[in-house]
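J.: The following comprises the amino acid sequence and a computationally predicted model.
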Protein chains: 2
Amino acid sequence: MDLDERKRKILHAIIQTYLETGEPVGSRTISKYSDLKLSSATIRNEMSDLEEMGYIIQPHTSAGRIPSDKGYRLYVDHLMQEKEREVTELKELMIQRTDKLEQVLKRVVKVLANNTNYATMISAPQYHQNKLKFIQLSRVDEHQILAVIVAEGNVIRNKLIPLCEELDTETILKLNILLNTMLNGKTIAEINLQMISSMKEQAGIHSNIISDVVDAVAEAIHSDEGMEIYTGGATNIFRYPELSDNGKASELIQTLEEKQMLAELVTETLNKEDKGIQVYIGSESPIQSMKDCSVVTATYELGQGLQGTIGIIGPKRMDYENVMSTLKTLMDQLDDVFHK
Amino acid sequence: MDLDERKRKILHAIIQTYLETGEPVGSRTISKYSDLKLSSATIRNEMSDLEEMGYIIQPHTSAGRIPSDKGYRLYVDHLMQEKEREVTELKELMIQRTDKLEQVLKRVVKVLANNTNYATMISAPQYHQNKLKFIQLSRVDEHQILAVIVAEGNVIRNKLIPLCEELDTETILKLNILLNTMLNGKTIAEINLQMISSMKEQAGIHSNIISDVVDAVAEAIHSDEGMEIYTGGATNIFRYPELSDNGKASELIQTLEEKQMLAELVTETLNKEDKGIQVYIGSESPIQSMKDCSVVTATYELGQGLQGTIGIIGPKRMDYENVMSTLKTLMDQLDDVFHK
DNA sequence: GTTAGCACTCTTAAGAAACGAGTGCTAACA
DNA sequence: TGTTAGCACTCGTTTCTTAAGAGTGCTAAC
């Protein structure tokens, strides 16, 4: 069977109506409220075809039709091709310049959740590919020194290093120079055991104590502590009856709260070749508990190799058009903020 | 009317039964399953009295009784007087020593939520009273320097300061000395405008540029950014039907997500003279959306004046006994961790 | 190819009836 | 005087029935 222009139009009308109402839509509704000038009977015939082709589903015999995952997919793909709309919505104002990335990310999920009325998430970039810019050791008191590590994108890490033996100022200075010489400009992934042992060697007589320091710095740099993920608007879930039923809401909110599962989604997104906007409909999503949802993700870039993922989680009858253009706008603004 | 020993026992039995089942409890249940050896009729009479006295409530004519806020209050106060039980549960193992406070707090809410099956929250201490230990400025690149501020309790703050004019190493060194001399040992609350202007004066010729630096440091120190609050186990709410009804769950989870409201609770708790465990039953809580919950809070101390609040949010039929002793144990362990 | 009409299906809402948990009251008992 | 058994009564919950309504599929006519 062929998906001709008319079928396509009818499908479009069905999906749009369903997005608005959340109720199964019947032939009569389409006949009346679309500009197709067809009777309900004709629509019925076409709908019957569309169902056979798998684009729509009938929840039960005497109900209207709702889009299937396949139907949504067609709709979304179609939207993708359309010119990106000139949307404003998110005022630049909202994202005030901050030098604390965490603050920005937290604000983003909040703003995004408020604007879309869906649940949102954002992952902080992972720093494997990030170049070290600057390392500084300072003596805090007799028993510990502080290591401050600054990387590209002004990412800052602190690490307190306990000492059993006191280090004099000169040694610390020497260590500072050593660390900076060896490590500046390197990406975190590039720092390997060989390098570390080479540094220990160069530290010479202080090797014992210094060993601790270098180890601690390396640990601080590598410390992944899993992926940082922020979420927002979880309770928007309750706006959509089809998601707030039974244990679904609970399960979903738990997924958002635990954050662990979301990491999978982030990994999946970042591994895609196409760095643009991705849409996971229902069971397309790698997260089991989101099989009744749609997830729209986008990748943002903070610097070279410094990428994170933004996600919007909502019902399958998500307002894809709005979500996608909102995301696009947001991406542009984030670019502005990060590459000020 | 007098609340004699027998009434007290019956009330106790009613509350305990209700805590277990969550269902209104009838006279027959008490008669059968308590060791009072009284017939249901007698219990009925007593229950009628207890209701008149306001300790229990009848949701509707033909239902059993449930405890009123006043009833819970009596029960809790009674528990408070009892010797603190020897509970273990939370193994020290769970709280591994970390020098990142944030990590510890996040872990605490998670562990606590898993152990109690209620929602949990914890506030990071507020640093007004905290003494500065160490300040370090370092040059990151031509356009910015990094200020690292370490306070008592090893609380670390970073602040990137943009520069319009380049600062040479010597000036930075001088500034470092100035800042440390002036500010070390001071509490954050003690740093006032007068002090800052005095520092600017001493900076002499560099005053212009330095002014920026000092301002930025002051800002970083004072930057409150509201109270940091972590929550966990929000979805435990769904375990209790009386909370997961209607919009209640949604409202509650939103409160937990927004965190803003929780700050009020923290403030309230910290202002109490009694720094021990507090219990807010129903409308006693300062948070409107928790009028159907009970909230148990405790204050932990990280250093002098460095206090935070831990809270457990659950249904009124919370297992107070367990919660309170778990909290007590946790407090002890936190003390251990912080004052290692 | 399109449409009107109609019988049929199935969900949902509303109402009715049966059930049952629990009470309050009274009268009998120790 | 306190305790208990018994019973009528209340009221929420469950189950069943019925009616309404939305929507379809099919057929026949245009």
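T.: Okay, I see it. Fair warning: this is a prediction, and the values are worked out from it, not measured in the lab.

J.: Which stretches in chain A count as helices?
T.: For chain A, the helices defined by DSSP state H occupy A:5-21, A:27-33, A:40-53, A:69-81, A:101-116, A:169-183, A:193-203, A:207-222, A:241-244, A:248-258, A:260-271, A:320-338.

J.: So which of those is nearest B:Thr61?
T.: Each of the helices of chain A was scored for nearness to B:Thr61 using CB to CB, and the closest is helix A:241-244 (32.1 Å). Bear in mind the C-beta positions are built from the backbone N, C-alpha and C, glycine included.

J.: what does the closest one rub up against?
T.: A:Gly22, A:Ile237, A:Phe238, A:Ala249, A:Leu252, A:Asp292, A:Cys293, A:Pro315, A:Arg317, B:Ser250 (CB atoms under 8 Å, 6 or more residues apart in numbering or on different chains).

J.: Those residues: which ones sit near DNA strand C?
T.: Among the contacts of helix A:241-244, not one lies near DNA strand C by CB under 7 Å from any atom of the strand.

J.: which of those residues are buried?
T.: Buried by 16 or more other CB atoms under 10 Å in any protein chain shown: A:Ile237, A:Phe238, A:Ala249, A:Leu252, A:Asp292, A:Cys293, A:Pro315, A:Arg317, B:Ser250, out of the contacts of helix A:241-244.

J.: does the last one really touch A:Gly233, like I thought?
T.: No: distance between B:Ser250 and A:Gly233: 11.7 Å, which falls outside the contact criterion (CB atoms under 8 Å).

J.: Distance check, the closest residue to A:Glu152 other than its chain neighbours against DNA strand D.
T.: Leaving aside its sequence neighbours, A:Glu152 sits nearest to A:Lys131 (CB to CB, 6 or more residues apart in numbering or on different chains; 4.5 Å). Computed as CB to the nearest atom of the strand, to the nearest Å, the A:Lys131 to DNA strand D distance reads 59 Å.

J.: Hmm, A:Ala189 and A:Lys131 touching each other?
T.: No: look at A:Lys131 against A:Ala189 with CB under 8 Å: they stay out of range, at 10.1 Å.

J.: Between the two, point out the one with more neighbours.
T.: Shown here are A:Lys131 and A:Ala189; by other CB atoms under 10 Å in any protein chain shown, A:Lys131 has more neighbours (19 against 12).

J.: Find me the pLDDT at the more buried one, would you?
T.: Reading off the confidence values, A:Lys131 has pLDDT 78.

J.: In contact with it, which residues are there?
T.: A:Ala151, A:Glu152, A:Gly185, A:Lys186, A:Thr187.

J.: So which of those residues are in strands?
T.: Per DSSP state E, strands hold the following members of the contacts of A:Lys131: A:Ala151.

J.: how many other residues sit next to A:Val108?
T.: The burial count for A:Val108: 23, using other CB under 10 Å.

J.: gap between it and chain B?
T.: Here A:Val108 is placed at a distance of 15 Å from chain B (CB to the nearest CB, to the nearest Å).

J.: Pretty sure that residue sits against A:Gln333.
T.: No: using CB under 8 Å as the test, A:Val108 is too far from A:Gln333 to be in contact (9.2 Å).

J.: Specify the residue ranges that define each domain of chain A.
T.: A:5-80, A:89-126+A:228-338, A:132-222 (automatic domain parsing).

J.: out of the ones you listed, deepest packed?
T.: Highest mean neighbour count of the domains of chain A: domain A:89-126+A:228-338, a mean of 19 (counted as mean count of other CB atoms under 10 Å in any protein chain shown).

J.: quick one: average pLDDT of that one?
T.: Taken as a whole, domain A:89-126+A:228-338 has a mean pLDDT of 84.

J.: ok so, going back, possible to save the helices of chain A as TSV with distance to B:Tyr280?
T.: What follows is the helices of chain A, written out as TSV (distance: least, CB to CB, whole Å):
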stretch	distance to B:Tyr280
helix A:5-21	42
helix A:27-33	51
helix A:40-53	55
helix A:69-81	46
helix A:101-116	27
helix A:169-183	50
helix A:193-203	52
helix A:207-222	41
helix A:241-244	28
helix A:248-258	23
helix A:260-271	32
helix A:320-338	39
